[in-house]
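Asker: The following block contains a protein sequence and its predicted model.
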Amino acid sequence: MTRWFEDIVIDEVFELGEHTFTEDEIIRFARLYDPQYFHIDPELAPHSHFGGIIASGWHTVSVGHRKMVDALFAEEQRLRELGKEPGVSGPSPGVNSMEFKVPVRPGDTVSYRLVVTGKRPSNSIPGWGLLFNRITAVNQRGELVYRAELVGFSKLRDYRMPLKLRVLLALTKVPVIGSRLRRPT
Amino acid sequence: MTNPATANRRHFEDLAVGEVIQLGHTTVSREMIIDFAQEFDPFPFHLDEDAARASLLGGLASSGWQTGGLSLRMLVDSFLSGVASAGGLGFTDLKWKNPVMVGDTIGGTVTIAGLRRSASQPQWGIVTLDFDVRNQHGKQVLTMRLANLVECREGAAA
């Protein structure tokens, strides 16, 4: 979460809140990202084994991501109100696994929960740590909608860059030399 | 029992391991990035040019979930819309290798990595699909292995 890497507690649970999916938004998302007939076509969807329109798994997961981002912002706010400096979250390197279980139908309300399952300093990006988070999403009947094992980045508070890296970083700011040191994007 | 929505599509029996699907291409605009980020991923580095430059991404880049969604869209257009797909089961090893920046064009391939009949549901098979999505410079932006259910032509009746 938006805390310094050092302050992140393994097994801490964050209730991320819930979202009710309407048929309109299910179809709107799927037309852009997953236009299969059981996501977008109310006439054909009843022929599928789902028996009607269901949300794209990518949609339910994207909403879960939004819920996590909102929780990060709320945590940042909470820390500021306590007079503490919040940490810095970075972009995610990936997702270890995602299992879609019960489909989400129009009108379903999905609740999202995050548990921190592990953390370690990044080997490839100095000054950052990797966080391992599990998100579970359940519907209003308590059925599991999906379970995801996610990886995220959080900045280290107490990181002191090795001298070699500090010199290299300073050199990248020198014209001519710097442009050669910086990797092309 | 034939599903009229998928009767004329390729079924599980028609697929072969090693088949390579060409994904076509999608160019990612600033509007697309901001629209998606506002709804699903409102981190400043997906919404604001200056914040993005100061972040690990180095510039305004799409949400990883949007990159994945666009990759899925290309798979639907180039493959799943012609297959008797019965929905996704999930995925493993999704990696966002490099950010997708404003104006980038992504494309690539998906390879059929595995095919197996469902043990419990004879009317279905499971296809595993390996994504290799790259930008216009040939740099990998996303990889993942997706598992998708496909209807079998023979089986439901057997």
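Answerer: Arrived safely, thanks for sending. Because the structure is predicted, anything quoted here is derived from the model rather than measured.

Asker: By proximity to chain B, which residue of chain A wins?
Answerer: When scored by CB to the nearest CB, chain A has residue A:33 as its residue closest to chain B, at 3.6 Å. C-beta coordinates here come from the backbone N, C-alpha and C atoms, glycine included.

Asker: per-residue confidence at that residue?
Answerer: For residue A:33, the pLDDT comes out at 98.

Asker: shouldn't it be in contact with residue B:69?
Answerer: Yes. Counting by CB atoms under 8 Å, residue A:33 does reach residue B:69; the two are 3.6 Å apart.

Asker: what residues are shared contacts of the two?
Answerer: Common neighbours of residue A:33 and residue B:69, counting by CB atoms under 8 Å, 6 or more residues apart in numbering or on different chains, are residue A:58.

Asker: Am I right that residue A:105 sits in a strand?
Answerer: No. Read with DSSP: H, G, I helix; E, B strand; the rest coil, residue A:105 is coil and lies in no strand.

Asker: Chain neighbours aside, what residue packs nearest to it?
Answerer: Once flanking residues are discounted, residue A:105 sits nearest to residue A:54: 5.7 Å by CB to CB, 6 or more residues apart in numbering or on different chains.

Asker: Quick one: residues contacting that neighbour.
Answerer: Contacts of residue A:54 by CB under 8 Å, 6+ apart are A:26, A:38-39, A:45, A:103-105, B:87.

Asker: residue boundaries of the strands in chain B?
Answerer: Remark: strands assigned in chain B by DSSP state E are B:20-27, B:85-96, B:105-117, B:124-134, B:140-151.

Asker: How about residue A:38: what's its closest non-neighbour residue?
Answerer: residue A:48 (4.1 Å).

Asker: That neighbour reaches residue A:39, doesn't it?
Answerer: No. The criterion here is CB under 8 Å, and residue A:48 misses it with residue A:39 at 9.7 Å.

Asker: pLDDT score for residue A:27?
Answerer: Residue A:27 is given a pLDDT of 98.

Asker: who's in contact with it?
Answerer: Per CB under 8 Å, 6+ apart, neighbours of residue A:27: A:39-40, A:53.

Asker: moving C-terminal of the one helix or strand it maps to, what's the next helix or strand?
Answerer: According to DSSP states H and E, residue A:27 maps onto helix A:23-33. Downstream of helix A:23-33, the next assigned helix or strand under DSSP H and E is helix A:37-40.

Asker: pLDDT on the longest helix seen in chain A, on average?
Answerer: The single longest helix within chain A, with elements called by DSSP state H, is helix A:57-81. For helix A:57-81, mean pLDDT is 95.

Asker: tell me which residues of that helix are tucked away?
Answerer: Buried residues in helix A:57-81, counted by 16 or more other CB atoms under 10 Å in any protein chain shown: A:57-69, A:71-73, A:75-76, A:79.

Asker: Can you tell me which residues in chain A are near chain B?
Answerer: Residues of chain A lying close to chain B by CB under 8 Å from any CB of the partner chain are A:32-38, A:44, A:47-50, A:54, A:56-58, A:61-63, A:65-66, A:69, A:89-100, A:103, A:125, A:128, A:146, A:153, A:185.

Asker: between the strands of chain B, which gets nearest to chain A?
Answerer: Among the strands of chain B, the nearest to chain A by CB to the nearest CB is strand B:85-96 (4.1 Å).

Asker: Name the residues that touch that closest one?
Answerer: With contacts defined as CB under 8 Å, 6+ apart, strand B:85-96 is touched by A:36, A:38, A:48-50, A:54, A:57, A:91-100, A:103, A:146, B:6, B:64, B:67-68, B:124, B:126, B:141-151.

Asker: centre of the chain versus it, how much separation?
Answerer: Computed by CA atoms, centre = their mean, to the nearest Å, the chain-centroid distance of strand B:85-96 equals 8 Å.

Asker: Direction included, what does it pair against?
Answerer: Applying DSSP bridges, strand B:85-96 is found paired with strand A:89-100 (antiparallel), strand B:140-151 (antiparallel).

Asker: Let me have the ones you listed in TSV, extended by distance to residue B:41, mean neighbour count and mean pLDDT.
Answerer: Below are the strands paired with strand B:85-96 laid out as TSV (distance: least, CB to CB, whole Å; neighbours: other CB atoms under 10 Å in any protein chain shown; pLDDT from 0 to 100):
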stretch	distance to residue B:41	mean neighbour count	mean pLDDT
strand A:89-100	10	20	91
strand B:140-151	15	21	98
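
Asker: Would you check how far apart the residue nearest to residue A:156 when sequence neighbours are not counted and residue A:150 are?
Answerer: Using CB to CB, 6+ apart and skipping residues adjacent in sequence, the residue nearest residue A:156 is residue A:5, 4.7 Å away. For residue A:5, the distance to residue A:150 equals 16 Å [CB to CB, to the nearest Å].

Asker: Ok, residue B:60 next?
Answerer: Residue B:60 sits 23 Å away from residue A:150, going by CB to CB.

Asker: Spatially central, which residue of chain B would that be?
Answerer: For chain B, the residue nearest the mean C-alpha position is residue B:72 (2.6 Å; CA atoms, centre = their mean).
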